[in-house]
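Peer 1: Sequence and predicted model, in that order:
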Amino acid sequence: MKAIETHQLTKYYGDQPGIIDVSLEIEQGEIFGFIGPNGAGKSTAIRTILGLLKPTSGSAKILGMDTETQGDQLRKKIGYLPSEVNYYDEMSSRELLEYHCRFYGDVKPGEIERLAEYYELDLDKKITDLSFGNKKKCAIIQSIIHEPELLIMDEPTSGLDPLMQNHFFEMMEDLNKKGTTIFMSSHILSEIQRLCDRAAIIRKSEITATEDIRQLLKKQMKKVLLVFETKPDSLELLEGSQKEKWHDNKLSFEYVGATQPLLKWLAELNLLDAVLEEPDLESIFMNYYER
Amino acid sequence: MNKNLYLKELKRNRKNLLIWMSIIVGFTFMVLSIYPYMAEMGNNMTQLLDSMPVEIQKAMGMDANTWSSILGFYSTYYGVYIVVLLSIYTTSTGATIISKEEKDKTAEFLLTKPISRQNIVISKLMALFTLCLIIYFVQVICAVLGVLLFSQNPVNWENFFLMHLGGFVLMIFFTCIGVLLSMFLQPKKNFMGMVVGITFGSYFVNAVSKSTDTTEWLGYFSPFHYMNFEITDPGYSFDYISGVIMLVMGIAMLLYSNKKYGKKDIAT
């Protein structure tokens, strides 16, 4: 059974395409990223999967249940974090979270307080008085408090300060270890790089690629910059090296290959300094974006 | 029905309910309490009334009996102001109770909960009709107390309650129109103007239709036409067939709204 399975899911807003033929398979226990520029269809895909939007054609299953006909049952197992948080202004965070929990029945007592403390959220302030970031914290809490099997998050870290982002990432890693499947959209590649096992790239309403993040990084070249005490008379470069350039006692080249042989080779050299630069996902994905 | 959502809706609407309830209760008591003074001037008022064009008398639902009994006096106000006020409150609540979630963008929160759309509609309608019943019965009770307090003669209670039954049917009918309306209009819209237009407009169309014979056909377009509030007429009776038809139409509107809501894309 897949955590999420969509089959040629398509949504048109009138003539405007939202998503076209989106087919995804997300395994249970996976952290799956969904990357794409603004307006590419990330939120449309998520809202269609959640049942907020009715698909024009195609179908989606979550944890083996059809999103159209079994929506209410399967949403019991889902936690959803929207990109823009809009809650009932007249409620306080505590009232909102209690209201939320009553839809799920049994939530551990004291859980609201524990999570509020973790994210440093003042529970008694009215929603309308909360800052953007604090609303987001409240939303994060409501997405995880009922211990969902699947977390769907639409740009989860927007509005959080770096410290809170870190808190958040740690919690996600922790939940994932306990078995929670996480599906998150983002246009911030570093968070995809940090958390995700695999990612799909969406562009102009269509999925252009689904990639294994680690494989992708493994395949990629590194930029190597070495500073020698004195420029050696002769130096045999490793296989996979290219575009070497000498500048006094500094050598720079590009390396494509496994990391271990490179490190062994480096260890035998008489170096003052060494810099290994891994091109970030940004430059990898820019290819997809610009295609 | 989802109890959590039902209770939340009642809580959310209680302030608005209290405001409208005080307006309607206040108005009911005001009308009944001025009756004794009006009755004293009864003869003068009858003369004054006779000097008015007969079209206006008919349109306002007034005749010589209007001043002669507290029910006659009260019924002219009930059929005009109280039913319209009740309907404005319940219709506007009906028009917003579901669409407000989309207007305030909280629909995304509610519809990602483990509750089906149909259950959302049912729970919200239950809350809506609970509010309708509360305001309706509070008004009736106040009217009974007011009549007991200010009436100088015995009162025909059967007619009194039949008239209020007519008010109930109209109020529910308009409420269902409000719910249906919210399925067709942009949630961001302010419904209040349209609600006042429909309820007061219906009354007005009926008033025009009653004033002359040539405009009588207009009445068929107004729900008010089918409910008679002139309880001092000797042949006063409640039109059960119209009442049942209006309630059935109301239920049909709700069923259609439920179906439509089940299929729609939720604006976020």
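Peer 2: All right, it came through fine. Residues are numbered from 1 along each chain as shown, chains lettered A, B, ... in the order given.
Peer 1: Within range of chain A, give me the residues from the stretch 51-200 of chain B.
Peer 2: By CB under 8 Å from any CB of the partner chain, the residues of the stretch 51-200 of chain B that approach chain A are B:104-109, B:111-116, B:119. (Each C-beta comes from the backbone N, C-alpha and C, glycine too.)
Peer 1: Dump the residues you listed into TSV; add distance to residue B:38, pLDDT and secondary structure as well.
Peer 2: Output for those, formatted as TSV (distance: CB to CB, whole Å; pLDDT from 0 to 100; DSSP: H, G, I helix; E, B strand; the rest coil):
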residue	distance to residue B:38	pLDDT	secondary structure
B:104	46	90	coil
B:105	51	91	coil
B:106	49	93	coil
B:107	50	93	helix
B:108	55	93	helix
B:109	53	95	helix
B:111	54	94	helix
B:112	58	94	coil
B:113	55	95	coil
B:114	58	94	coil
B:115	53	94	coil
B:116	55	94	coil
B:119	51	95	helix
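Peer 1: List buried members of the residues you listed by neighbour count.
Peer 2: The neighbour count (16 or more other CB atoms under 10 Å in any protein chain shown) marks B:105, B:106, B:107, B:108, B:109, B:111, B:112, B:113, B:114, B:115, B:116 as buried among those.
Peer 1: Now flag whichever of those residues is closest to residue A:116.
Peer 2: residue B:109 (18.0 Å; CB to CB).
Peer 1: how about the closest one, what does it touch?
Peer 2: A:82, A:86, A:87, A:88, A:100 (CB atoms under 8 Å, 6 or more residues apart in numbering or on different chains).
Peer 1: Over to residue B:250?
Peer 2: Contacts of residue B:250 (CB under 8 Å, 6+ apart): B:172, B:173, B:175, B:176.
Peer 1: just checking, residue A:65 touches residue A:75?
Peer 2: No. When contacts are counted by CB atoms under 8 Å, residue A:65 is not listed as touching residue A:75 (9.6 Å).
Peer 1: These two: which is more packed in?
Peer 2: residue A:75 (25 against 17; other CB atoms under 10 Å in any protein chain shown).
Peer 1: Skip the chain neighbours and tell me the closest residue to the more buried one.
Peer 2: Of all residues not flanking residue A:75 in the chain, residue B:114 sits nearest, at 4.4 Å (CB to CB, 6 or more residues apart in numbering or on different chains).
Peer 1: Check residue A:111 too.
Peer 2: In this structure, residue A:111 finds its nearest non-sequential neighbour in residue A:145, 5.7 Å apart by CB to CB, 6+ apart.
Peer 1: now the chain, which segments are flagged as low pLDDT?
Peer 2: In the absence of a named chain, chain A is used. Residues of chain A that meet the criterion pLDDT under 70 lie in A:216-221, A:278-291.
Peer 1: ah, I was thinking of chain B
Peer 2: Applying pLDDT under 70 to chain B flags the ranges B:42-43, B:45-46, B:49, B:59-67, B:268.
Peer 1: Please report the number of neighbouring residues for the closest residue to residue B:212 other than its chain neighbours.
Peer 2: What sits nearest to residue B:212 in space, not counting adjacent residues and going by CB to CB, 6+ apart, is residue B:55, at 5.7 Å. Residue B:55 has 14 neighbouring residues, counting by other CB under 10 Å.
Peer 1: same thing with residue A:161?
Peer 2: So residue A:161, with other CB under 10 Å, has 10 neighbours.
Peer 1: any idea how far the closest residue to it other than its chain neighbours is from residue A:71?
Peer 2: Spatially, and ignoring its direct neighbours in sequence, residue A:161 is nearest to residue A:133 (6.5 Å; CB to CB, 6+ apart). To residue A:71, residue A:133 is 31 Å away according to CB to CB, to the nearest Å.
Peer 1: Residue B:108 now?
Peer 2: Residue B:108 is 14 Å from residue A:71, by CB to CB.
Peer 1: Tell me the residues of chain A that contact chain B?
Peer 2: Checking chain A against chain B by CB under 8 Å from any CB, the hits are A:13, A:47, A:50-54, A:71-73, A:75-76, A:78, A:80, A:82, A:84, A:86-90, A:99-100, A:102-104.
Peer 1: Out of these, list just those in helices.
Peer 2: Using DSSP state H, the subset of the residues of chain A next to chain B located in helices is A:47, A:50, A:71, A:72, A:73, A:99, A:100, A:102.
Peer 1: Type out the ChimeraX command that picks the buried ones from those.
Peer 2: Buried members of these, defined by 16+ other CB under 10 Å, are picked up in ChimeraX with:
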select /A:47,50,71,72,99,100,102
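Peer 1: quick one, what contacts residue A:57?
Peer 2: A:8, A:9, A:10.
Peer 1: Can you flag the buried ones in the residues you listed?
Peer 2: Here, 16+ other CB under 10 Å leaves A:9, A:10 buried among the contacts of residue A:57.
Peer 1: could the contacts of residue A:57 go into CSV alongside distance to residue B:197 and secondary structure?
Peer 2: Output for these, formatted as CSV (distance: CB to CB, whole Å; DSSP: H, G, I helix; E, B strand; the rest coil):
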residue, distance to residue B:197, secondary structure
A:8, 46, strand
A:9, 42, strand
A:10, 40, strand
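Peer 1: Rebuild the contacts of residue A:57 as TSV, extending it with distance to residue B:241.
Peer 2: As requested, the contacts of residue A:57 are exported to TSV (distance: CB to CB, whole Å):
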residue	distance to residue B:241
A:8	53
A:9	51
A:10	50
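Peer 1: In chain A, spot the helix with the most residues.
Peer 2: Chain A, longest helix under DSSP H: helix A:162-177.
Peer 1: Which neighbouring elements make contact with it?
Peer 2: Applying 3 or more CB pairs under 8 Å, 6 or more residues apart in numbering or on different chains; DSSP states H and E, we find helix A:162-177 packed against helix A:132-144, strand A:181-186, helix A:189-195.
Peer 1: Report the inter-axis angle for the longest one versus helix A:162-177.
Peer 2: Orientation note: helix A:132-144 sits at an angle of 10 degrees relative to helix A:162-177 (axes from the mean of the first three to the mean of the last three CA atoms, to 10 degrees).
Peer 1: did I read that right, residue B:7 in a helix?
Peer 2: Yes. Using DSSP: H, G, I helix; E, B strand; the rest coil, the assignment for residue B:7 is a helix.
Peer 1: so how many other residues sit close to it?
Peer 2: Quick note: residue B:7 (other CB under 10 Å) scores 14 neighbours.
Peer 1: Can you give me the distance of it to residue A:88?
Peer 2: 14 Å.
Peer 1: Which helix or which strand is home to residue B:176?
Peer 2: helix B:157-184 (DSSP states H and E).
Peer 1: Who are the packing partners of that helix?
Peer 2: helix B:70-77, helix B:83-96, helix B:117-150, helix B:192-211, helix B:240-263.
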